[in-house]
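# my questions are about this predicted structure, shown below with the sequence.
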Amino acid sequence: MIHKFSLPTTPNCTATLKNLKFGEPDASLFRVPDGYRIVDDPVLANR
(Lines give C-alpha, C1' and ligand atoms only; values in the text may rest on other atoms or scores of the structure.)
Protein backbone atom coordinates (compact mmCIF):
# COMPACT_ATOMS: atom_id res chain seq x y z
CA MET A 1 0.00 0.00 0.00
CA ILE A 2 1.41 3.39 -0.97
CA HIS A 3 -0.01 6.66 0.29
CA LYS A 4 1.16 9.96 -1.20
CA PHE A 5 0.35 13.31 0.40
CA SER A 6 1.54 16.89 0.71
CA LEU A 7 1.53 19.22 3.69
CA PRO A 8 2.82 22.77 3.95
CA THR A 9 5.65 21.59 6.21
CA THR A 10 6.48 18.38 4.31
CA PRO A 11 5.67 18.56 0.60
CA ASN A 12 5.57 15.43 -1.56
CA CYS A 13 5.64 12.74 1.12
CA THR A 14 5.18 9.05 0.39
CA ALA A 15 4.39 6.40 2.99
CA THR A 16 4.74 2.72 2.13
CA LEU A 17 3.20 -0.01 4.27
CA LYS A 18 4.39 -3.59 3.81
CA ASN A 19 3.47 -6.95 5.33
CA LEU A 20 0.10 -5.82 6.66
CA LYS A 21 -1.86 -8.49 8.47
CA PHE A 22 -5.59 -8.00 8.82
CA GLY A 23 -7.45 -9.71 11.63
CA GLU A 24 -7.23 -10.08 15.37
CA PRO A 25 -3.84 -9.19 16.91
CA ASP A 26 -2.10 -11.70 19.15
CA ALA A 27 -3.49 -11.47 22.70
CA SER A 28 0.06 -11.47 24.12
CA LEU A 29 0.48 -7.89 22.83
CA PHE A 30 -2.00 -6.73 25.48
CA ARG A 31 -0.65 -8.59 28.52
CA VAL A 32 1.06 -6.70 31.31
CA PRO A 33 4.81 -7.52 31.20
CA ASP A 34 6.40 -9.56 33.98
CA GLY A 35 7.60 -7.39 36.86
CA TYR A 36 4.79 -4.84 36.50
CA ARG A 37 1.78 -4.70 38.72
CA ILE A 38 -1.66 -3.22 38.23
CA VAL A 39 -2.85 -1.04 41.10
CA ASP A 40 -6.41 0.28 41.13
CA ASP A 41 -6.03 2.18 44.42
CA PRO A 42 -4.06 5.47 44.01
CA VAL A 43 -3.05 5.38 47.70
CA LEU A 44 -1.39 1.97 47.22
CA ALA A 45 0.24 3.07 43.99
CA ASN A 46 2.40 5.59 45.87
CA ARG A 47 3.96 3.00 48.18
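Received, thanks. Numbering: from 1, shown residues only.
# tell me the SS of the residue nearest the centre of the chain?
Nearest to the mean C-alpha position of the chain, by C-alpha atoms, centre = their mean, lies residue 29 at 9.9 Å. In three-state terms, and counting by DSSP: H, G, I helix; E, B strand; the rest coil, residue 29 is helix.
# what does stretch 11-25 contact?
Applying C-beta atoms under 8 Å, 6 or more residues apart in numbering, the contact partners of stretch 11-25 are 1, 2, 3, 4, 5, 6, 7. To be clear about C-beta, it is placed using only N, CA and C from the backbone, and glycine gets the same treatment.
# residue 43 belongs to a helix, doesn't it?
Yes - Residue 43 sits within a helix when classified using three-state DSSP.
# count of residues packed around it?
Applying other C-beta atoms under 10 Å, we find 7 residues neighbouring residue 43.
# got the contact list for it?
Contact criterion C-beta under 8 Å, 6+ apart gives no residues in contact with residue 43.
# what's the pLDDT at it?
Residue 43 carries a pLDDT value of 76.
# could you do residue 29 as well?
The model reports residue 29 with a pLDDT of 91.
# now swap in residue 47 and tell me
63.
# make TSV out of the contacts of stretch 11-25 and add distance to residue 13.
What follows is the contacts of stretch 11-25, written out as TSV (distance: C-beta to C-beta, whole Å):
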residue	distance to residue 13
1	14
2	11
3	9
4	7
5	5
6	7
7	7
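# which of those residues fall within helices?
Using DSSP state H, no member of these sits in helices.
# what subset of these is buried?
Buried residues within the contacts of stretch 11-25, counting neighbours by 16 or more other C-beta atoms under 10 Å: none.
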